[in-house]
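Engineer: sequence and predicted structure are below.
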Amino acid sequence: MERVTESLARGHIAAYKIIKTACPNAMIGVAHGLGHKEMTENTAEQRAWKEKDDEEWNWHFLDKIQEHQDFIGINHYFRGMFDDSKKSEIASDLGWEMRPRSLYETIADTWQRYGKPIIITENGCADANDSRRGWFLWESLLWVHKAIEDGIPVLGYFHWSLMDNFEWACGFWPRFGLWEIDRDDNLKRKPRPSAYLYRDIIKEKGFSNELAEKYRNSIAYPKK
């Protein structure tokens, strides 16, 4: 694994230098899967677990290229916990815990360590009937907004995904899309309700009481 990481780092650094030579003002970064590791108790055992897990999962690769990235792309879906029994009961179709605040915590951790601008390059959930995506999207963007209010330069947010797609580990069945793809009807495309919510947040460039009222059923805390 270390040989692979070293090869990726060397390749990134070489590409970074070539691009900067050709276009000095280019913004160059990577998209990296990051998660917030949460202790349930502040014990020596759990602190050691968090430090080891953060180093191996979050920081190991980024540390190697930290002088050769102008922003950090965060792919984030769920938090890691020392005690899984403490996780929220709200989960995606894949069984991944849905806790929007962990996106904020991951942004804050990454900013504190590297001090570089951040782009959320992936964030979303598998939710075929769209019963939780509206709430998850609304709350996640509120936490991104808080990060910006805290002075963290979050340059963008990309929801995963626009359409249902092939999930490399699971095939076609997990439905991440704002738009549904009907594979039994010539790949017919149909917007899910959360697509309109996301559209209107973008159009209004933020949140409003009117928007919250319009989508109050979609953004309500999901029933267990």
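Structural biologist: Received the coordinates, thanks. Residues are numbered from 1 along each chain as shown.

Engineer: contacts only, for Pro193.
Structural biologist: 130, 134, 218 (C-beta atoms under 8 Å, 6 or more residues apart in numbering). The C-beta positions use only the backbone N, C-alpha and C, and glycine is treated the same way.

Engineer: is it true that Lys188 touches Trp179?
Structural biologist: No - assessed by C-beta atoms under 8 Å, Lys188 is found out of contact with Trp179, at 10.1 Å.

Engineer: quick one: which of these two has more around it?
Structural biologist: A direct count of neighbours by other C-beta atoms under 10 Å for Lys188 and Trp179 places Trp179 higher, at 14 against 10.

Engineer: quick check: bridge partners of the more buried one?
Structural biologist: As for beta bridges, Trp179 partners with Met163, Pro191 under DSSP bridges.

Engineer: just the pLDDT at it, thanks.
Structural biologist: Note on Trp179: pLDDT of 98.

Engineer: enumerate every residue touching it.
Structural biologist: 162-164, 189-192, 195.

Engineer: next, format those as CSV and append distance to Ala26 and pLDDT.
Structural biologist: Putting these into CSV (distance: C-beta to C-beta, whole Å; pLDDT from 0 to 100) gives the following:
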residue, distance to Ala26, pLDDT
Leu162, 25, 97
Met163, 29, 97
Asp164, 33, 98
Arg189, 34, 97
Lys190, 38, 97
Pro191, 34, 98
Arg192, 35, 98
Ala195, 32, 98
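
Engineer: which parts of this structure are strands?
Structural biologist: Along the chain, counting by DSSP state E, strands occupy 29-33, 37-38, 71-75, 80-81, 118-122, 154-157, 179-182, 188-191.

Engineer: give the contact list for the most centrally placed residue in the chain.
Structural biologist: Central residue of the chain (C-alpha atoms, centre = their mean): His76, 2.7 Å from the mean position. Residues in contact with His76 (C-beta under 8 Å, 6+ apart) are 33-35, 102-103, 106, 120, 122-123.

Engineer: buried residues in the longest helix belonging to the chain?
Structural biologist: Using DSSP state H, we find that the single longest helix of the chain is helix 2-22. Neighbour counts using 16 or more other C-beta atoms under 10 Å place 9, 12, 16 of helix 2-22 among the buried residues.
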